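# Next comes the sequence, and after it the predicted model I'd like to discuss.
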Amino acid sequence: MKIIFFGSSHFAVLSLQALIESKHEVACVVTQPDKQKGRHLHFTGTDLKDTALQAKLKIFQPEDINSKESLKFLKNLEADLFVIIAYGQILSQEVLDIPKIMPINIHASLLPRYRGAAPINWAIINGEKKSGITIIYVTPKLDSGPVILQEEVKIEDKDTAVSLEEKLSRSGARLLEQALVKIDNRDYRLIDQDEAKVIFAPKMKKEVGLIDWNASAADIHNQIRGVLPWPGAFTGLRGKILKIFQAEILSIFPNHRPVPGEVVRADKAGIVAACGRGFLKINELQLEAGKRMSAQNFIIGHKLFPGDILGKK
RNA sequence: CGCGGGGUGGAGCAGCCUGGUAGCUCGCAAGGCUCAUAACCUUGAGGUCAUGCGUUCAAAUCGCAUCCCCGCAA
């Protein structure tokens, strides 16, 4: 089959590689235009673009995928199948009508749960024990098309959004190969999603990373794991931003009545902060302008004492 | 030229504003105490204060330039 691949994020890389190694032809890779990124706002391509460049594939980076020019370009390729993975733009019905067989999408959740741009992050933030990969027939309404294939992936307590993305990315590439076989043989069924079970997973925003110390230790722990690699969980310490990368839950800690956010311990044994319910032992953190480091190292060089309150400006 | 913070013995930091013997916590080495310890005491090794140029009698400290790192913003 002749395939056009749509994708922009790191998540799509393994699937593209799987396609490149398959018997099918990748006629073109469509990805987001280069954007100014980083400290000095240099123009950088997407992770996926690098992979496509290495494989010497044709690359298309339209500002607007639904424009007349884009439409014309895509039609001329006469593709059989569109494979869309974390592309970043919503395709119009006109675009979706182009492939001879169908457009498919690989989504990193068990649809209809977690429709939207950040399914991996939200699954962890909400404390889910499992997530998965769903391959759907694409319709214009975001992540709403009928399901072709689905596979569950367990979420371990130690998983973060980063590690889960790795797992799901591998799973997605594997499932894509299966889906291609089924589609090639016309051996598949389309199963409609149950609209009653829909949950949305909107794009990550900066605010999602702000820690509310009134929440329970379990919730904050999920948040810390879920908002990586961006925006990262953060709080305040004497006017500076303090990022927390890794922590663990302590249900009990001997103390008077701490206020949420209060540091109840800060010594070689670790840093422990009080939450609305339970306590959080902070293991890896980073102060603004500083390096990311272990709690032990942080304690050695920074002034942090029991009684300090996190989150106050 | 988007905004801001930082680079000081092996680790993490203070000192810089208000130039004048390089300091703290930890680690490391040796010794001591202890049934014992992430315990405690003693002693010790280890630093071109990122790099270059400049100002000065004198620069970690003031000025200019370069390199590297980080936070914000996207």
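Okay, I see it. Everything quoted here is computed from the prediction, not taken from an experiment.
# Need the per-residue pLDDT for the closest residue to RNA strand B within chain A.
With C-beta to the nearest atom of the strand, the shortest gap between chain A and RNA strand B falls at residue A:301, namely 2.1 Å. Any C-beta I mention is one placed from the backbone N, CA and C, and that applies to glycine too. The predicted local distance difference test score for residue A:301 is 90.
# what do you get for residue A:252?
Residue A:252 is given a pLDDT of 77.
# before we move on, what about the one 10 residues further on?
Predicted confidence (pLDDT) at residue A:262: the value is 92.
# Also residue A:9?
At residue A:9, the predicted lDDT confidence score is 89.
# quick one: contacts for it?
Under the criterion of C-beta atoms under 8 Å, 6 or more residues apart in numbering, the contact partners of residue A:9 comprise A:46-48, A:85-86, A:88.
# Helix, strand, or coil at residue A:234?
Residue A:234 carries the three-state label strand when classified by DSSP: H, G, I helix; E, B strand; the rest coil.
# Do I have it right that it meets residue A:228?
No - with contact taken as C-beta atoms under 8 Å, residue A:234 and residue A:228 are classed as non-touching, separated by 11.5 Å.
# In strands only, show me the contacts of residue A:9.
Using DSSP state E, the members of the contacts of residue A:9 that fall in strands are residue A:85.
# Could you tell me which strand of chain A is the longest one?
Across chain A, the longest stretch assigned as strand under DSSP E is strand A:240-250.
# Restricting the selection to alpha carbons, write that strand to PDB.
Only the C-alpha atoms of strand A:240-250 are listed here, as PDB (Å, rounded to 0.1, in the frame of the first residue of the first chain):
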ATOM      1  CA  LYS A 240      11.900  31.000  43.400                       C
ATOM      2  CA  ILE A 241      10.400  28.200  41.400                       C
ATOM      3  CA  LEU A 242      11.100  24.800  42.800                       C
ATOM      4  CA  LYS A 243      10.600  21.900  40.500                       C
ATOM      5  CA  ILE A 244       9.900  18.400  41.800                       C
ATOM      6  CA  PHE A 245      10.800  15.500  39.600                       C
ATOM      7  CA  GLN A 246      10.400  12.500  41.800                       C
ATOM      8  CA  ALA A 247       8.800  11.800  45.100                       C
ATOM      9  CA  GLU A 248       7.200   9.100  47.100                       C
ATOM     10  CA  ILE A 249       4.100   8.900  49.400                       C
ATOM     11  CA  LEU A 250       4.400   8.700  53.200                       C
END
